[in-house]
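> got a predicted model here, sequence first, then my questions.
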Amino acid sequence: MSRVFCIPGILFLVCALVLSFLVSISLPYLPALDIVRVHFASGALQDGGSAQGIQELRFGVWTACYDDTHGDRTCLPTRHGYSVPITNQEKTRSVNIGSSWTRGLAVHPVATAVTFIALILSLSTHITVTLIASLVAFLAALLTLIAFAIDIALLVFVRHEMGNLLIGAHTITGPGFWLTFASFILLLLAGCTVCFGRRRDRMSGASTSTRTPRAKTGPFWRRKNKA
């Protein structure tokens, strides 16, 4: 692959891999990289949890964590597809963010694994392998786009449900939400860069190839005289 396109393509994949990996482990390991975040103006209660009012609730890939009025953070059990039941302090209204809305977040680590495969393939100088690397990078971009769509769906649903509590809940996007979008853009750039690099390499190889010249022969009567 052309050297001009090789290095940028690999750098795009490395950056996309790092961002995707950070989002994939998010809560409970990286609480700052949550997907969706909810701030409560008058507090709320987490069913089955602490009796203290919740001031902030964060949704990650594997679990949700909440901060109570004393500043203590508690995370729900880590698992694939978790549920978060919330009630207001008067216990007159309650909502539940079911596992059907959080189960799809597992697409994030899948996209991370595919991005890693694309990065390994992009290190090769073989033309066929670089083509496969480009296709795998586009596949990783597609999976990341699906994960981003799931994040958007979770954001909209949480915002709607928290509004039903009538306690002044403010739902916003977390840093992990935008890191996923950035990873998607980087994967698109990586796929295009690797593809252009392969095309440039083929054109360069075609222009430098030499054809064996055909031996020139004179008229048949000269060949006869020489004989």
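Now that the structure is in, tell me what you want to look at. Numbering: from 1, shown residues only.
> where does the protein dip in pLDDT?
Under the criterion pLDDT under 70, the flagged ranges of the chain are 1-6, 42-43, 45-52, 195-227.
> distance of the residue most central in space within it relative to residue 20?
The chain has residue 144 as the residue nearest its centroid, 3.9 Å off, counting by Cα atoms, centre = their mean. Per Cβ to Cβ, to the nearest Å, residue 144 is found 7 Å from residue 20. Every C-beta, even on glycine, is put in place using the N, C-alpha and C of the backbone.
> anything in contact with each of the two?
Taking Cβ atoms under 8 Å, 6 or more residues apart in numbering as the criterion, residue 144 and residue 20 both touch 111, 115, 180, 183.
> can you name the residues that contact the first one?
If I follow you right, that is residue 111. By Cβ under 8 Å, 6+ apart, the residues touching residue 111 are 20, 140, 143, 144, 146, 147, 183.
> ok, how many other residues are close to the residue lying closest to residue 173 once chain neighbours are set aside?
In space, and not counting its chain neighbours, residue 173 is closest to residue 155: 6.2 Å by Cβ to Cβ, 6 or more residues apart in numbering. Applying other Cβ atoms under 10 Å, we find 19 residues neighbouring residue 155.
> for the remainder of this discussion, apply numbering that starts at 243.
Shifting the count to begin at 243 puts that one at residue 397.
> list the strands paired with the strand or helix carrying residue 328, with their directions.
Per DSSP states H and E, residue 328 falls inside strand 326-330. Using DSSP bridges, strand 326-330 pairs in its sheet with strand 278-288 (antiparallel), strand 336-339 (antiparallel).
> need those in JSON lines with mean neighbour count and distance to residue 300, can you?
Below are the strands paired with strand 326-330 laid out as JSON lines (neighbours: other Cβ atoms under 10 Å; distance: least, Cβ to Cβ, whole Å):
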{"stretch": "strand 278-288", "mean neighbour count": "20", "distance to residue 300": "5"}
{"stretch": "strand 336-339", "mean neighbour count": "18", "distance to residue 300": "12"}
